[in-house]
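Novice: Could you work out the structure for the sequence below:
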Amino acid sequence: MKHLPILATLLFLTACTAGSDDSRPSKKFKAESLDVTASSDTAPVMSAQERFRDAFLAEVGQLRPNWNDIELLESDNRSYRFAINYREDASIGGYEEVAADTKHVARAALRTLVAQGRNPAKEWIAVHVHARQPAGTGETGQALTRVLGKSHYDSNADQVIFTFPK
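Specialist: Here you go, the predicted structure:
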């Protein structure tokens with residue numbers, strides 16, 4: 001009986017990390033593939049991360065015209081890291097637009113977590129959203145990326161903060 005809490009914890013951790021094989025859908029969310037509905041007849045049991053992803057996409061809504069996609073770079077129980085990849089030919093309206101876009105995505109992630117019964121402030125959950133844009137090629141032909149800024153959730157202040165690129 002004294003091993004019951006340990007067993008429950010192990011079962012919870014196993015459920016949170018289930019579905020780590022390569023048969024999962026891509027973690028890039030393209031504008032053309034924003035349909036988040038899944039047939040219950042053909043959909044296997046979803047992991048907690050897949051449930052988060054689908055609820056997050058529904059919360060974000062349509063991708064903005066300047067966005068190529070949103071990439072989920074990291075997703076675990078206490079840390080979520082996204083990247084907004086702007087189109088190479090996008091005309092971005094300055095840091096105000098980048099700040100608004102990254103904050104929009106970060107707040108969508110926070111709303112999703114709260115809707116799933118989580119408390120980001122008390123659990124010290126990290127949410128980071130980076131904004132970047134392809135910037136042509138360098139001297140050796142390597143693809144370059146322009147860093148536009150990032151927003152992150154500050155659990156101590158319970159707010160989303162934009163940071164200019166360095």
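
Novice: Run through the chain and note the low-pLDDT ranges.
Specialist: For the chain, the stretches flagged by pLDDT under 70 are 1-44.

Novice: for residue 118, helix, strand, or coil?
Specialist: coil (DSSP: H, G, I helix; E, B strand; the rest coil).

Novice: What about it, how many residues nearby?
Specialist: 16 (other C-beta atoms under 10 Å). From N, CA and C alone the C-beta is placed, and that goes for glycine too.

Novice: list the buried ones in stretch 115-125?
Specialist: Residues of stretch 115-125 classed as buried: 118, 120-121, 125 (neighbour count, 16 or more other C-beta atoms under 10 Å).

Novice: how about those residues in CSV, adding distance to residue 57?
Specialist: Shown next, in CSV, are the buried residues of stretch 115-125 (distance: C-beta to C-beta, whole Å):
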residue, distance to residue 57
118, 17
120, 19
121, 24
125, 19
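
Novice: and the two most separated of those?
Specialist: For those, the farthest-apart pair by C-beta to C-beta is 118 and 121; their separation is 9.9 Å.

Novice: in which helix or strand would I find residue 100?
Specialist: Using DSSP states H and E, residue 100 sits in helix 95-115.

Novice: May I have that helix exported as PDB, CA atoms only?
Specialist: What follows is helix 95-115, C-alpha atoms only, in PDB (Å, rounded to 0.1, in the frame of the first residue of the first chain):
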ATOM      1  CA  TYR A  95       8.500  45.100 -33.700                       C
ATOM      2  CA  GLU A  96       4.900  46.000 -32.700                       C
ATOM      3  CA  GLU A  97       3.600  43.300 -35.100                       C
ATOM      4  CA  VAL A  98       6.200  40.800 -34.000                       C
ATOM      5  CA  ALA A  99       5.400  41.500 -30.300                       C
ATOM      6  CA  ALA A 100       1.600  41.200 -31.000                       C
ATOM      7  CA  ASP A 101       2.100  37.900 -32.900                       C
ATOM      8  CA  THR A 102       4.400  36.200 -30.400                       C
ATOM      9  CA  LYS A 103       2.200  37.300 -27.500                       C
ATOM     10  CA  HIS A 104      -0.900  36.000 -29.300                       C
ATOM     11  CA  VAL A 105       0.700  32.600 -29.600                       C
ATOM     12  CA  ALA A 106       2.000  32.600 -26.000                       C
ATOM     13  CA  ARG A 107      -1.400  33.600 -24.700                       C
ATOM     14  CA  ALA A 108      -3.100  30.800 -26.800                       C
ATOM     15  CA  ALA A 109      -0.700  28.300 -25.200                       C
ATOM     16  CA  LEU A 110      -1.500  29.600 -21.700                       C
ATOM     17  CA  ARG A 111      -5.300  29.500 -22.300                       C
ATOM     18  CA  THR A 112      -4.900  26.000 -23.500                       C
ATOM     19  CA  LEU A 113      -3.000  25.000 -20.400                       C
ATOM     20  CA  VAL A 114      -5.600  26.600 -18.100                       C
ATOM     21  CA  ALA A 115      -8.400  25.000 -20.000                       C
END
